[in-house]
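Peer 1: quick check, what structure comes out for this input:
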Amino acid sequence: MENDFSYISDNLRVIRSRIAEAQDKYRESGDDVRIMAVTKTVAPEAVNHAVSLGIGLLGENRVQEYLSKAEMYDSSAEVHFIGHLQTNKVKYIIEPMTMIQSVDSIRLAEEIGRLAVKNGKVMDILCEVNIGGEDSKSGVSPEEIRDLICAASEVEGIRIRGLMTIPPPGNTDIFLGRMQELYNKLRSENINGIKMDTLSMGMSSDYAEAVKYGSTIVRIGTALFGARDYSR
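Peer 2: Sure, this is the predicted structure:
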């Protein structure tokens, strides 16, 4: 008996509707928002069903989990790494990923660049901002982000495309608004070597609000695939 993934179709219909509503209300016409399917603990069959529905972007949190599932994924989907990344794990994902969204140190940027050059590619990256100053989260402070992107822009083998953040729960609008201001400020500076066209923020609980504040990628797991066992 085949798996019944109709709930994914239903969930995606709601997600697309809410995003479209936020776009119509707050964004300019043609201002694109990409839906990323976050695959943490999700079976490849469910992921592939989402891809069949038009989801063209997957988000991976864990290197080891990704490696165990990668060969089973529909190869038509683009894959970004979005979790905390140790420098000694970069070598395992440098070839298949099209973007690494969680760069939070020049050391990590340099290792990504070194291995990208070795593999004959340029890796798109986002620099991660800890917009709420939370000890439990990765990312640099808003005050430090300009220094990081300027230093990283000098690294061969990488291309800075923008910023990523995970705002604190509660008062989300405040932090999403601050992130939008920071992104727009850095974008307006036209810093040499930085494209600055991607703002990745918004998850299952706040993706519509993130669209309001300029997000170009929303990272959705639970709202798409349902509640999962994160202890695995």
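Peer 1: break down the chain into its helices, ranges please.
Peer 2: Remark: helices assigned in the chain by DSSP state H are 6-26, 44-52, 63-69, 90-93, 106-118, 145-152, 172-188, 207-212, 222-225.
Peer 1: and these, which is most packed in?
Peer 2: Of all these, helix 207-212 has the most neighbours on average by mean count of other Cβ atoms under 10 Å, namely a mean of 23. Placement of C-beta: from N, CA and C, glycine included.
Peer 1: so where's the protein shaky on pLDDT?
Peer 2: Residue ranges of the chain with pLDDT under 70: 1-2, 228-232.
Peer 1: give me the neighbour count for residue 98.
Peer 2: Burial of residue 98 is recorded as 12 neighbouring residues (other Cβ atoms under 10 Å).
Peer 1: go ahead and confirm it touches residue 60.
Peer 2: No. Between residue 98 and residue 60 there is no contact under Cβ atoms under 8 Å: 11.4 Å.
Peer 1: quick one on the thing from earlier: so which of the helices of the chain is nearest residue 78?
Peer 2: helix 44-52 (10.1 Å; Cβ to Cβ).
Peer 1: export the helices of the chain as CSV, with columns for distance to residue 199.
Peer 2: Putting those into CSV (distance: least, Cβ to Cβ, whole Å) gives the following:
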stretch, distance to residue 199
helix 6-26, 14
helix 44-52, 23
helix 63-69, 24
helix 90-93, 22
helix 106-118, 19
helix 145-152, 12
helix 172-188, 5
helix 207-212, 9
helix 222-225, 19
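Peer 1: for residue 76, find the nearest of these.
Peer 2: Proximity to residue 76 (Cβ to Cβ) singles out helix 44-52 among the helices of the chain, at 6.5 Å.
Peer 1: list the contacts of residue 139.
Peer 2: By Cβ atoms under 8 Å, 6 or more residues apart in numbering, the contact list for residue 139 reads 102, 104, 128, 129, 130, 131, 164, 165, 166.
Peer 1: correction: residue 107
Peer 2: Taking Cβ under 8 Å, 6+ apart, we find residue 107 in contact with residue 87.
Peer 1: same deal with residue 51?
Peer 2: 37, 58, 73, 74, 76, 77.
Peer 1: only whichever of those residues are buried, select them in ChimeraX.
Peer 2: Command for ChimeraX, covering only those of the contacts of residue 51 found buried under the criterion 16 or more other Cβ atoms under 10 Å:
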select :37,58,73,77
